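A.B. asks: sequence first, predicted coordinates after that:
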Amino acid sequence: MHAYTRRAAAAAVLALAAGAAFASATVGQPAPAFTAVDTAGKPVSLADFKGRHVVLEWVNPGCPYVVKHYGSGNMQGTQREAAAKGVVWLSINSTAADARDFLKPAEMAAWMQQQKAAATATLMDADGKVGRAYGARTTPHMYIIDPAGKLVYAGAIDSIPSGRVADIANATNHVKVALAESLAGKPVSTPVTRPYGCSVKYSSM
């Protein structure tokens with residue numbers, strides 16, 4: 001096993017094991033309200049997007065799993081497909097300021113630009129308030145909110161919890177499927193899946 005894969009696997013184990021210690025926002029219930037500052041210093045509130053579908057994506061460029069999905073173009077492709085359907089996409093970085101892989105807002109903005117990300121906004125959550133409100137455990141960890149403000153999906157981006165880019169082609173993209181169902185006015189067939197990735201490096205508040 002390559003060192004990269006070993007690190008990724010270890011990170012996933014830690015992230016999944018840590019899950020039990022977190023309360024989570026409940027699918028089928030109203031999504032927790034929040035306001036966070038984007039990488040340009042502008043406050044962004046969930047309430048700003050009332051009446052629209054919203055995807056929340058927890059992101060940390062220092063995580064091998066995030067690199068997997070951005071380096072392959074999978075995350076950006078999912079973002080663009082969502083945007084084409086009028087969906088709002090908020091990428092949220094809850095990495096604590098004292099964590100080794102913390103990026104300052106300008107650095108985070110530059111990374112997203114380098115990746116040609118298609119997020120509506122990238123939000124900084126260094127105090128972890130938004131992440132804790134949702135029970136975000138991993139990067140990535142995905143949530144979908146419907147136009148009524150109800151949480152309709154929470155979990156992994158896809159069905160194969162690995163660090164291998166080759167697995168993306170064989171995986172079911174849960175976010176695409178859930179969005180398509182919700183946009184069509186149908187209930188989400190798989191509303192909860194187990195997230196995988198690196199553990200969110202929350203501040204010790």
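C.D. replies: Great, that's in hand.

A.B. asks: do I have it right that Val67 meets Pro61?
C.D. replies: Yes - counting by CB atoms under 8 Å, Val67 does reach Pro61; the two are 7.3 Å apart. No exception for glycine: its C-beta is placed from N, CA and C like everyone else's.

A.B. asks: what do those two both touch?
C.D. replies: When CB atoms under 8 Å, 6 or more residues apart in numbering defines a contact, no residue borders Val67 and Pro61 alike.

A.B. asks: just the strands in this protein please.
C.D. replies: Ranges of strands in the chain, per DSSP state E, are 35-38, 43-45, 54-58, 88-93, 121-124, 138-139, 142-145, 151-155, 198-199.

A.B. asks: could I get the ones you listed as TSV with mean pLDDT and mean neighbour count?
C.D. replies: Listed next are the strands of the chain as TSV, based on pLDDT from 0 to 100; neighbours: other CB atoms under 10 Å:
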stretch	mean pLDDT	mean neighbour count
strand 35-38	98	18
strand 43-45	98	14
strand 54-58	98	25
strand 88-93	98	24
strand 121-124	98	22
strand 138-139	98	30
strand 142-145	98	26
strand 151-155	98	23
strand 198-199	97	23
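
A.B. asks: can you lay out the ones you listed as a markdown table showing distance to Ala110?
C.D. replies: Converted to a markdown table, the strands of the chain look like this (distance: least, CB to CB, whole Å):
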| stretch | distance to Ala110 |
| --- | --- |
| strand 35-38 | 14 |
| strand 43-45 | 19 |
| strand 54-58 | 18 |
| strand 88-93 | 13 |
| strand 121-124 | 11 |
| strand 138-139 | 18 |
| strand 142-145 | 23 |
| strand 151-155 | 29 |
| strand 198-199 | 21 |
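
A.B. asks: from what I can see Val177 touches Thr193, true?
C.D. replies: No - if you go by CB under 8 Å, Val177 and Thr193 don't touch, sitting 10.4 Å apart.

A.B. asks: looking at these two, which one has more neighbours?
C.D. replies: Thr193 (19 against 16; other CB atoms under 10 Å).

A.B. asks: excluding its backbone neighbours, what's nearest the more buried one?
C.D. replies: Once flanking residues are discounted, Thr193 sits nearest to Gly155: 3.2 Å by CB to CB, 6 or more residues apart in numbering.

A.B. asks: and what of Pro187?
C.D. replies: Closest to Pro187 by CB to CB, 6+ apart is Glu181, at 7.0 Å.

A.B. asks: just to revisit the earlier point, got a list of what the residue nearest to Thr193 touches?
C.D. replies: Taking CB under 8 Å, 6+ apart, we find Gly155 in contact with 141-142, 174, 192-195.

A.B. asks: thank you kindly, that will do.
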